[in-house]
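*Asks:* Predicted model and sequence follow; I will ask about them next.
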Amino acid sequence: MSQAGVIDGLQFARGAGTLSGTLALAQLRRLAEMRCATKGLSYAISGRTDAEGRCWIRISASGALALECQRCLGPLDFRLALESELLLTQDEREIANAADDFDRVLAGRQMEVSKLVEDEVLLALPMSPVHDRCGCRQGSAEDRRPSPFAALAKLKRMH
């Protein structure tokens, strides 16, 4: 797995920098804490400036993740494919007072690439991942017993 490193955000964008590689789960601490599993996520980051001189960072990431189903607690396969573009700002007030729909991030001289990618991955995950049908749960003998309400429904149909 490649080391992601650190960038100077504004310099990276102004120089139209590019980086790409693969991040291991060990580099994605918050995902690991959420009990996600992955063999690695591929990423690419590029910088640019627009006609108004604003600095942007484009982040793309892809890979397979195993999330935890919130219904049965079993593994849930999730294919990640994200593209996002972030406007770099030098002031937190600009982020708080923004009146447009651009996603912003505070520019820094020591921006960790793995953290930037992980932030976007976390935003791309489903809020409550669940299987379409949870057939992975074995259940106890008590769970497999017929429901007393099903028996009542059967009696009701007889009358």
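*Replies:* Thanks, I have the structure now. Residues are numbered from 1 along each chain as shown.
*Asks:* helices and strands of this structure: which one bottoms out on pLDDT?
*Replies:* Least confident helix or strand of the chain, by mean pLDDT, DSSP states H and E, is helix 141-144 with a mean of 48.
*Asks:* Just the CA trace of the helix or strand that that helix is followed by, in CSV.
*Replies:* As assigned by DSSP states H and E, the chain's next helix or strand after helix 141-144 is helix 148-158. Output of helix 148-158 as CSV, limited to C-alpha atoms (Å, rounded to 0.1, in the frame of the first residue of the first chain):
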residue,chain,number,x,y,z
PRO,A,148,-48.9,-16.3,18.6
PHE,A,149,-50.4,-13.5,16.5
ALA,A,150,-50.1,-15.8,13.4
ALA,A,151,-52.1,-18.4,15.3
LEU,A,152,-54.7,-15.7,16.2
ALA,A,153,-55.0,-14.7,12.5
LYS,A,154,-55.5,-18.3,11.5
LEU,A,155,-58.3,-18.6,14.1
LYS,A,156,-59.9,-15.4,12.9
ARG,A,157,-60.0,-16.6,9.3
MET,A,158,-61.8,-19.8,10.4
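*Asks:* Low-confidence stretches in this structure?
*Replies:* 1-3, 135-146, 152, 159 (pLDDT under 70).
*Asks:* Spell out, range by range, the strands that occur in it.
*Replies:* 6-7, 18-23, 41-49, 55-68, 75-89, 103-106, 111-112 (DSSP state E).
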